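# Sequence first, then the predicted structure, then my questions.
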Amino acid sequence: MRFLSTRGSAGGASLEDAIQHALAPDGGLYVPETLPRLDASALPAGDNLPDIATAVLVPFFEGSTLADALPQIARDALNFPAPVVSLGAQRDASVLELYHGPTAAFKDFGARFLGAGVEHLRPVPELDIPERTILCATSGDTGSAVAAAFHGRARTRVIVLYPAGGVSARQEQQLTCWGGNVEALRVRGTFDDCQRLAKAAFADTRLSAEHGLASANSINLGRLLPQMSYYASASLTHSRATGRRPSFIVPTGNLGNALACVWARALGLPIDDIVLATNANRTIPDFLATGAYEPRPSIATLASAMDVGDPSNMARLLAFAGDAAGVRRCVRAQSVDDAAIREEIAGTCRESGRIACPHTATALHVLRTMPEDERAGRDWIVVATAHPAKFERIIEPIIGRTVEVPATLAALLDRPAHATDIEPRLEALAAILRRNPPGGAA
C-alpha cells in the first residue's frame, strides 16, 4: 500500500517512509491511498488482540519490508488486555478499558507497536548516523508511553517535550523517570507550543536529517494504525454476542484515538455511531456546529491530556470526510467543562463504585446527558483512556477515598526523575539535540 499527504503532494510514500518521516515533504500528514474493505465475518474471533491487529493491518503492510514481521510486532506490542466491562443496569452501557498497559493509558497500544516496528526498519540509506531520534510532544500520556516503549531500544534516542505545569504530578514522574536513551524537556509553554516546536523541528530538513528525527505522536501513521485493533476487537466481540453494532463515545483532544475508530468503521468493522467527548477546548465541537475550523490557544482543564486547541489529526479527518458536512456525517461531538467532569467523577463512583479518570469522565458525562432519542436503540461503549491513579490529586478529594495504584505505575513512581527546562523555540531544542548528538545519549 502507498500513503499520500493530506496536502496533496504528488506521488506516494511507502509504509517505511511514512513511519520514519511522519510528515510528508509538503508538511502534510500521511494517509492511506485507499482504505481497504475487510470481511468482518472472516476476522479472528475472541479477544486475541495480536491476531486481530494482524488481520486488520495486513492490507496496510502489504508490499512493505515490515509485512513479514507484522505478526511478531503485534505479539511483542499488544501483550496486555483491552477488556470491555459493563457499567451496570443503571447506565446500560459498557466501558472499553484501555489502561492496562505498562504506563496505564491507551497510548501504550500505539507507542509499543511503533517501538517494535521501528526496530524492524532497515537503516535509512541517506542517514549516515548511528541511531534515530524519536521526538515526541505530549500533553501527558503520550510521552510516558513512548518513553516506556523505546527505553533501552538499540540505536534509538527519545526526546519528550511536555508543557511546564500542564500535566499531573504522576504523569510528570512517568515522563521524567527513564534516563538512558530518554531525555525529558519541560517546555515553558502549553502543549500547543510543544506541538509547534516538534513540527518546526521536522520541517527543518537539515536538523531532521542531522539527527534522524522521527515522530512518535499520533501524526505518525505507525502509531495510529494499531489503534484500530481495539475497536475491531470490541466491536466484533459485541456484535457476535448480541447481533448488534455498538456505538462508541471517545474522549479526544488531538483526534488520533477518534480517527482510529472512524477508520475502523470505514474498513467494515461493525461500528454504529461515533461521538467525541472533548473538554472545554471546543475547537472540534465548534467546527461541527459552524463549519468553520478555528484553532485557538489551548486552555488548562482537569482533563489535561485533551488540552489541545489545534488538533493535528483534523487534517486526516478532513481528508477522509471531505469537508465539515462530511465530518458531521462521521461523528458528533460534545464539550464538557470542569464542573461537569467533577460531577461525573463523583456520580459514577457513587452509583457504581467505578472510579474514572477526568478524560473518561468526559465521555461518561456525554453518555449521561445524551438525549433519549439519540441514545435509545443503540448499544454504547465508553472508551476509558487512562487509569484514575494517574490523577489522584484531582480524583481523591472528589470521591473521598484513595485510588489504588496499579503495580506497573507504582514501579515507575519509585524511580528517580530529571527534566531539562527549555523555552519553546526551535533554537533551544536544536541546542539540546546537538549538545548530546545521536550515538551519544547517556
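Yes, it's here. This one's a predicted model, so the numbers in the text were calculated from it and none came from an experiment.

# Could you list the low-confidence segments of the stretch 51-200 of the chain?
Residue ranges of the stretch 51-200 of the chain with pLDDT under 70: 89-90, 122-130.

# Can you check the pLDDT for the residue lying closest to I274 once chain neighbours are set aside?
If the residues on either side of it in the chain are set aside, I274 comes closest to V331, at 4.8 Å by Cβ to Cβ, 6 or more residues apart in numbering. C-beta coordinates here come from the backbone N, C-alpha and C atoms, glycine included. The score at V331 is 98. That number is its pLDDT.

# from what I can see V331 touches V275, true?
Yes. If you go by Cβ atoms under 8 Å, V331 and V275 touch, sitting 6.9 Å apart.

# how many other residues sit next to A339?
For A339, the neighbour count with other Cβ atoms under 10 Å is 10.

# whoops, P36 was the one
Counted with other Cβ under 10 Å, residues neighbouring P36 total 14.

# Next: E62.
Other residues close to E62 by other Cβ under 10 Å number 12.

# who's in contact with it?
Going by Cβ atoms under 8 Å, 6 or more residues apart in numbering, E62 touches M1.

# so how far is R425 from the residue nearest to I274?
35 Å (Cβ to Cβ, to the nearest Å).

# now the strands for the stretch 101-250 of the chain?
Along the stretch 101-250 of the chain, counting by DSSP state E, counting those that start in this stretch, strands occupy 132-137, 156-163, 182-187, 213-215, 246-251.

# what lines up beside the longest one in the sheet?
Strands flanking strand 156-163 in the sheet, each with its direction: strand 132-137 (parallel), strand 182-187 (parallel) (DSSP bridges).

# how far does the last one sit from the chain's center?
So that's strand 182-187. 19 Å (Cα atoms, centre = their mean, to the nearest Å).

# same check, this time on the first one
A distance of 15 Å separates the C-alpha centroid of strand 132-137 from that of its chain, computed with Cα atoms, centre = their mean.

# Name the residues of it that come out as buried.
R132, T133, I134, L135, C136, A137 (16 or more other Cβ atoms under 10 Å).

# try stretch 173-184
Judged by neighbour count using 16+ other Cβ under 10 Å, the buried positions of stretch 173-184 are Q173, Q174, L175, T176, C177, W178, G179, N181, V182, E183, A184.

# where's the second one relative to G140, distance?
Per Cβ to Cβ, Q174 is found 9 Å from G140.

# The first one too?
The gap separating Q173 from G140 is 12 Å, by Cβ to Cβ.

# Contacts only, for L412.
By Cβ under 8 Å, 6+ apart, the contact set of L412 is T103, S144, Q173, Q174, C177.

# From what I see, G101 and P81 are in contact.
No. G101 is beyond contact range of P81, at 9.3 Å (criterion: Cβ under 8 Å).

# Between those two, which is the more surrounded one?
Remark: of G101 and P81, G101 carries more neighbours, 24 against 13, as counted by other Cβ under 10 Å.
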